[in-house]
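> coordinates only, sequence not included:
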Ligand SMILES: C[S@@+](CC[C@H](N)C(=O)[O-])C[C@H]1O[C@@H](n2cnc3c(N)ncnc32)[C@H](O)[C@@H]1O
């Protein structure tokens, strides 16, 4: 119901429009920083509504730019808004906004990929993990160029309960290129099912909220944009370390159109590949002929548990990376003069990997 609630209206004093701010400070969009601005306040209000009730909330906004979404967050009643922006040119405009909402908005000049969000909010707002989510939200019209590494980083922090997840199950309302949004929310067996779907869905409830057509942005990106809401699960669906889950999922999806056995084999050194792959699939009770896209989260949970057990029984297995083994082999082959064959092997495997991403 939260999504349909009206914004609590906290009036801001008269301010130049976002269009005027852009003109005033000559804020030409920088392609390098994936700057696509939203000037339509109805849309920024709609994004903010997806976060739920923000009255008295603590909020971190990623990449406020000229401040359209920022205004909507303030209008929705956030008591404490921390904005993190990489581009210095936006600082005067954001300062203007901060003065219009005294004591409610803090500005940090920095890179969201390295910013220590855990230092940005008071300890007293923390809830225990099993409790209701804290009154802390992360909201952002994300720059496309960082959105995937950023969500992976936040998923890892969620799993380890670090960063902004030290405060509990902090909720996220974020925009992504539509194709990425579809992957995040894709269900088992669907065409868009990918690594990202499994990694996000084993840790969170992930909901696709609405699509914003590319034409709503200035400048217009070549794709539409999806708004996605994440609530961390009190009980993650896979109870293994993030890196271990990531390794299994990455390997499974390496050959997305082939049977899952093909990608999962790469978890094991060549000398034991067949035997350990069979053991993994047997203990996990996963059908080796499923495509990776057809494996459910509970299938991945069984694989992660079985692989973790195999790692306990086989020293060094956890650190095994087939690419490393492949590199060593190629070096050896080159040294022993069979250069052409080695290059062929490398190209074939790499083509397969890249082609199936
Ligand atoms: C898609 S624009 C959104 C701007 C504004 N929030 C809006 O909706 O109109 C992305 C914003 O993120 C900023 N940005 C890009 N990379 C960033 C990073 N690594 N850390 C923080 N901000 C970043 C850009 O400068 C830009 O202001």
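Noted; the coordinates are in hand. All figures in this text were calculated on a predicted structure; none of them were measured in a lab. Numbering: from 1, shown residues only.

> can we go C-alpha only for contacts and neighbour counts from here?
Noted.

> tell me the SS of the residue lying closest to residue 55 once chain neighbours are set aside?
In space, and not counting its chain neighbours, residue 55 is closest to residue 77: 4.3 Å by CA to CA, 6 or more residues apart in numbering. Classification of residue 77 using DSSP: H, G, I helix; E, B strand; the rest coil returns coil.

> return the residues in contact with the closest residue to residue 79 other than its chain neighbours.
Residue nearest to residue 79 in three dimensions, not counting chain neighbours: residue 56, with 4.5 Å by CA to CA, 6+ apart. Residues in contact with residue 56 (CA atoms under 8 Å, 6 or more residues apart in numbering) are 77, 78, 79, 80, 135.

> ranges for the helices of the stretch 101-250 of the chain?
144-160, 178-185, 195-201, 242-252 (DSSP state H, counting those that start in this stretch).

> so which of these comes closest to the ligand?
helix 144-160 (6.3 Å; CA to the nearest ligand atom).

> report the inter-axis angle for the closest one versus helix 178-185.
Using axes from the mean of the first three to the mean of the last three CA atoms, to 10 degrees, the direction of helix 144-160 lies 10 degrees away from that of helix 178-185.

> and helix 144-160, what does it pack onto?
Using 3 or more CA pairs under 8 Å, 6 or more residues apart in numbering; DSSP states H and E, the elements in contact with helix 144-160 are strand 171-177, helix 242-252.

> pipe the ones you listed into a markdown table and attach distance to the ligand and mean pLDDT per row.
Converted to a markdown table, those look like this (distance: least, CA to the nearest ligand atom, whole Å; pLDDT from 0 to 100):
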| stretch | distance to the ligand | mean pLDDT |
| --- | --- | --- |
| strand 171-177 | 9 | 98 |
| helix 242-252 | 23 | 98 |
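
> let me have the ones you listed in TSV, extended by mean neighbour count.
Formatted as TSV, these follow (neighbours: other CA atoms under 10 Å):
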stretch	mean neighbour count
strand 171-177	25
helix 242-252	20
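
> hmm, residue 303 is touching residue 284, no?
Yes - contact criterion CA atoms under 8 Å: residue 303 and residue 284 qualify, at 5.1 Å.

> between those two, which is the more surrounded one?
Just comparing residue 303 and residue 284: by other CA atoms under 10 Å the higher neighbour count belongs to residue 303, 25 against 19.

> return the distance of the stretch of helix or strand that one belongs to from the chain's centre.
Using DSSP states H and E, residue 303 sits within helix 297-313. How far helix 297-313 lies from its chain's middle: 23 Å, per CA atoms, centre = their mean, to the nearest Å.

> nearest residue to residue 104 other than its sequence neighbours?
In space, residue 104 is closest to residue 80, 4.7 Å off (CA to CA, 6+ apart).

> and the one you found, how far from residue 101?
In this view, residue 80 and residue 101 are 10 Å apart by CA to CA, to the nearest Å.

> before we move on, the earlier item: just list the residues touching the residue nearest to residue 104, thanks.
By CA under 8 Å, 6+ apart, the neighbours of residue 80 are 56, 57, 58, 59, 103, 104, 105, 106.

> that's a helix at the fourth one, yeah?
No - according to three-state DSSP, residue 59 belongs to no helix; its state is strand.

> might you report the residue contacts of it?
With CA under 8 Å, 6+ apart, residue 59 has these contacts: 78, 80, 81, 82, 136, 137, 138, 139.

> what is it paired to in the beta sheet?
residue 81, residue 137 (DSSP bridges).

> got a pLDDT number for it?
We have a pLDDT of 98 for residue 59.

> ok, now the last one?
We note a pLDDT of 98 for residue 106 in this prediction.

> and it, how far is that from the ligand?
14 Å (CA to the nearest ligand atom, to the nearest Å).

> can you get me a residue count around that residue?
16.

> in space, what's closest to it - neighbours in sequence excluded?
Distance criterion CA to CA, 6+ apart; nearest residue to residue 106, sequence neighbours excluded, is residue 82 at 4.8 Å.

> dump the residue contacts of the one you found.
With CA under 8 Å, 6+ apart, residue 82 has these contacts: 58, 59, 60, 61, 105, 106, 107, 108, 120.

> pull out the buried members of the residues you listed.
58, 59, 60, 61, 105, 106, 107, 120 (16 or more other CA atoms under 10 Å).

> for this structure, name the helix or strand with the lowest mean pLDDT.
The weakest-scoring helix or strand in the chain, judged by mean pLDDT, DSSP states H and E, is helix 339-355 (a mean of 50).

> next, see if stretch 84-96 gets close to the ligand.
Yes - Stretch 84-96 reaches the ligand (CA under 6 Å from any ligand atom) through 84, 85, 86, 87.

> touching, the third one and residue 113? I think so.
No - contact between residue 86 and residue 113 fails when scored by CA under 8 Å: they sit 10.2 Å apart.
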